[in-house]
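> Just the structure for this:
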Amino acid sequence: MEIPFVVTSEQQPRDGRRVADQQVTVIRNLESASAAQASLYESLKRERELREKVERYEQEDSVDHALAALLAKDVTQQTPFRERRKWRLQEGDVEFVVRLFSGNGKAAVVFKITNREDVPWKMQMARLYTASGWKDRPFALRTDHEAIIPGTAGYVAVVVDQSAFEEGTALKNLLLEIYRDDGYRQLFVLLDPSLIRQ
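Numbers count the residues shown, from 1 in each chain. This next block holds a predicted model:
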């Protein structure tokens, strides 16, 4: 009554073996105990993922996150930031418009990402660290879409507080990196402390 099979990754390690992602069991009888148990496990997994997402958003309830949310909605006029620099990048069929903003003790970066590829563009993570000592720094991040589907555009906004630039009595340059969902570092931006000077 059961047909087990293994879902494998498209990526193949150097040793030639395929990587197994997980075991999947197909059950013909949807009324069986095994089918009910599989459905329960799937529901519990979805609930856990949603709970983690809600907890993450509750932890990210700050002024900087609120400002990043406004920037990700492209309503910069409703924020205290002023645009300092803007440039355009093209990589394959994905276009990036990068805008640097300065504010009162804060800096911000907004990426407008236009996807003309055949697959959705997703961000895996962003990373902010000192350019000289490679020390991770805190920041607030918001996106307007989880994935940017082909033929559309989306925004990623990052807000950095003055404290992130500080190291002792000195102000340090920061590097902001954006990684897409396959782990490739798609963009990086150097943030100069002059962005936070009043």
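
> Three-state assignment for Ala66, please.
helix (DSSP: H, G, I helix; E, B strand; the rest coil).

> list the contacts for it?
Taking C-beta atoms under 8 Å, 6 or more residues apart in numbering, we find Ala66 in contact with no residue. The C-beta positions use only the backbone N, C-alpha and C, and glycine is treated the same way.

> residues contacting Lys135?
By C-beta under 8 Å, 6+ apart, the contact set of Lys135 is Tyr129, Glu167.

> and if we set it to 7 Å?
Tyr129 (C-beta atoms under 7 Å, 6 or more residues apart in numbering).

> cool, and the one 4 residues further on?
With contacts taken as C-beta under 7 Å, 6+ apart, Phe139 has the following neighbours: Leu128, Val158, Val159, Val160, Ala164.

> other SSEs contacting the top helix by length along the chain?
If you go by DSSP state H, the chain has its longest helix at helix 33-59. Judged by 3 or more C-beta pairs under 7 Å, 6 or more residues apart in numbering; DSSP states H and E, helix 33-59 is in contact with strand 20-27.

> Show the average pLDDT along the strand it packs on.
Here strand 20-27 scores 61 as its mean pLDDT.

> Same check on stretch 141-154?
93.

> residues contacting Asp64?
Ala140, Val159, Asp161.

> my read: the last one touches Asn104, true?
No: the pair formed by Asp161 and Asn104 falls short of the contact definition of C-beta atoms under 7 Å, at 10.7 Å.

> Which of those two has more residues huddled nearby?
Set side by side, Asp161 and Asn104 show unequal neighbour counts under other C-beta atoms under 10 Å, the larger going to Asp161 at 19 against 11.

> What residues are bridge-paired with the more buried one?
Beta-bridge pairing for Asp161 (DSSP bridges): Lys106.

> Let me know the pLDDT of it.
Looking at Asp161, the pLDDT reads 94.

> hey, where'd the helices end up in this structure?
33-59, 63-72, 162-165.

> Using JSON lines, lay out those helices together with distance to Gln78.
Output for the helices of the chain, formatted as JSON lines (distance: least, C-beta to C-beta, whole Å):
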{"stretch": "helix 33-59", "distance to Gln78": "21"}
{"stretch": "helix 63-72", "distance to Gln78": "5"}
{"stretch": "helix 162-165", "distance to Gln78": "21"}
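
> Tell me which of these lies nearest to Asp118.
Closest to Asp118 of the helices of the chain is helix 63-72 (C-beta to C-beta; 24.8 Å).
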